[in-house]
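Visitor: Predicted coordinates and the sequence they were generated for:
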Amino acid sequence: MGTDNALKIVKALQSNNTSLKEFTIASNNIGSEAANKIAVILAHNTELQKLKMTQNELEEGNNIGSKAAGDIAAVLSRNTKLQKFNMANNNLETNSVIEIARTLQHISSLIELNISSNNIGSKAADDIAAVISHNTKLQRLDIAENNLETYGIIRIAKHLKKTSCLQQFNSSSNNIGSNSANDIAAVLSCNTKLQQFNIKGNDLQTSDIIKIAIALQNTSSLLELNVSSNNISCDAAEDIATVLSHNTKLQKFYIDGNALQTSGAIKIAQGLQNTLYLKEFDISSNKIGSEAADAIACVLSHNTKLQKFFIDINRLQTSGAIKVAKALQNTSSLKEFTISSNNIGSDAAEDIAAVLSHNTEV
């Protein structure tokens, strides 16, 4: 869109638009001048229910700046019925988030809060936590990719325990560490209607994942689970498998980049045996040997609407690859499929080719 076109929108909004209920401007490189003016106009509204300003290069370096943050805070102060707030991927910085969060603390109607990918840091955690404590009917929370660290996630989790309506919780890539597992588990045990849970890339250990998995075993509504890149060993596989066995409508499951090994992969596959709706399944980079191929193949044969399947960077060898490929030949919906780096010989080529011939969009 650019700044000039954004300013034209500003002019159109300047008259007789004091009752807007929804405003979205995303991925438009609108510039800080237009952003400030939009915020000033929106401040005259008192009925706003949804505000989305994501992926907008508001200043050089994609930095929203303290002036725009103040104007956005002014918008929020007059729109106390706000239900959805999304400022993802704007590189807000800590001080801007604190200013916005302190204004959001006067709102108690939020059902969706997304401040992901803003490099917030742990210093803003107390103010974000206060927002959550005032919004106990929150359904969707996305705080991913903010480097909240252990302190930040513990502060937020302690207030999230007051909620019981969470359906989506994304705290991926926050450098959480192992000391926060008990608090995260407490959140999960209070929110048994969770549909999406993402804790990818947080340097959690096996013992942490076990605590989190045990808490998730009270949930049967999961549609998406992402625990990839967390140093998970085979010792946590049984507890994760129990979670999977209770969530038979699971559609997306990612456990790549861990250390399940063969025994762990077998347990995970056994937990997925009653699942029929998988669309995405990533178990790549887990040191899985050919002995797990039968169990994985059984999962694949039951999930014929699979769209994405990744099992690369393992140790399947030719025999394991053949079993996996034969199971996938019942599927015709695959769009992405990787089985590379598995020490596969030419004897598996025909079966892999058959998979590709049945899935022309791969």
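Guide: Everything's here; your move.
Visitor: Quick one: the strands in the chain, in order.
Guide: Per DSSP state E, the chain carries strands over the ranges 22-24, 50-52, 84-86, 112-114, 140-142, 168-170, 196-198, 224-226, 252-254, 280-282, 308-310, 336-338.
Visitor: now the ones you listed in TSV, with distance to Ile209, mean pLDDT and mean neighbour count?
Guide: Any C-beta I mention is one placed from the backbone N, CA and C, and that applies to glycine too. Shown next, in TSV, are those (distance: least, CB to CB, whole Å; pLDDT from 0 to 100; neighbours: other CB atoms under 10 Å):
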stretch	distance to Ile209	mean pLDDT	mean neighbour count
strand 22-24	36	70	14
strand 50-52	33	72	19
strand 84-86	29	92	21
strand 112-114	25	96	21
strand 140-142	20	98	22
strand 168-170	15	98	21
strand 196-198	12	98	22
strand 224-226	11	98	22
strand 252-254	13	98	22
strand 280-282	16	98	21
strand 308-310	20	98	22
strand 336-338	24	97	16
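Visitor: Of all these, which one comes closest to His106?
Guide: Closest approach to His106 among these (CB to CB): strand 84-86, 12.7 Å.
Visitor: The closest one: partners in the sheet, and parallel or antiparallel?
Guide: strand 50-52 (parallel), strand 112-114 (parallel) (DSSP bridges).
Visitor: residue contacts, the residue nearest to Glu291 when sequence neighbours are not counted?
Guide: Nearest non-adjacent residue to Glu291, counting by CB to CB, 6 or more residues apart in numbering: Thr262, 5.0 Å away. Listed by CB atoms under 8 Å, 6 or more residues apart in numbering, the contact partners of Thr262 are Lys287, Ile288, Gly289, Glu291, Ala292, Arg315.
Visitor: which among those end up buried?
Guide: Among the contacts of Thr262, the ones that count as buried by 16 or more other CB atoms under 10 Å are Lys287, Ile288, Gly289, Ala292, Arg315.
Visitor: wait, what's in contact with the spatially closest residue to the fourth one that is not a sequence neighbour?
Guide: What sits nearest to Ala292 in space, not counting adjacent residues and going by CB to CB, 6+ apart, is Ala265, at 4.1 Å. For Ala265, the set of contacting residues under the criterion of CB under 8 Å, 6+ apart consists of Ala237, Ile283, Asn286, Ile288, Ala292, Ala295, Ile296.
Visitor: any idea which of those residues is the one closest to Glu149?
Guide: Distances from Glu149 to those, taken by CB to CB, are shortest for Asn286, at 26.6 Å.
Visitor: That closest one and Lys335, how far apart?
Guide: Remark: distance between Asn286 and Lys335 (CB to CB, to the nearest Å) = 22 Å.
Visitor: of those two, who's got more company?
Guide: Comparing Asn286 with Lys335 by other CB atoms under 10 Å, the one with more neighbours is Asn286, at 25 against 14.
Visitor: So what does that one look like in phi/psi?
Guide: Note on Asn286: its backbone torsions stand at phi -140, psi 10 [degrees, to the nearest 10].
Visitor: tell me the contacts of the nearest residue to it once chain neighbours are set aside?
Guide: For Asn286, ignoring the flanking residues on the chain, the nearest one in space by CB to CB, 6+ apart is Leu260 at 4.3 Å. Counting by CB under 8 Å, 6+ apart, Leu260 makes contact with Ile232, Ser233, Cys234, Ala237, Ile268, Ile283, Asn286, Lys287, Ile288.
Visitor: excluding its backbone neighbours, what's nearest Leu204?
Guide: Distance criterion CB to CB, 6+ apart; nearest residue to Leu204, sequence neighbours excluded, is Asn230 at 4.4 Å.
Visitor: quick revisit: of the buried ones among the contacts of Thr262, which pair is most distant in space?
Guide: Between any two of these, the greatest separation by CB to CB is 10.2 Å, found for Lys287 and Ala292.
Visitor: For the chain, which segments count as helices?
Guide: Using DSSP state H, the helices of the chain run over 2-13, 32-42, 65-78, 94-104, 125-133, 149-160, 181-190, 206-216, 237-246, 261-271, 293-302, 317-328, 349-358.
Visitor: Name the nearest residue to Ile240, ignoring sequence neighbours.
Guide: For Ile240, the spatially nearest residue (CB to CB, 6+ apart) is Ala213, at 5.0 Å.
Visitor: so who does the one you found touch?
Guide: Contacts were defined as CB under 8 Å, 6+ apart; by that measure Ala213 touches Ala236, Asp239, Ile240, Thr242, Val243.
Visitor: now the end-to-end length of stretch 115-129.
Guide: By CA to CA, to the nearest Å, the extent of stretch 115-129 from end to end equals 13 Å.
Visitor: Might you list the low-confidence residue ranges for the stretch 151-300 of the chain?
Guide: Applying pLDDT under 70 to the stretch 151-300 of the chain flags no residue at all.
Visitor: pLDDT at the nearest residue to Ala101 once chain neighbours are set aside, what is it?
Guide: The shortest distance from Ala101 to any non-neighbouring residue, by CB to CB, 6+ apart, is to Asp127 (3.8 Å). We have a pLDDT of 96 for Asp127.
Visitor: my guess is Ser229 meets Gly257, correct?
Guide: Yes: using CB atoms under 8 Å, Ser229 is in contact with Gly257, at 3.9 Å.
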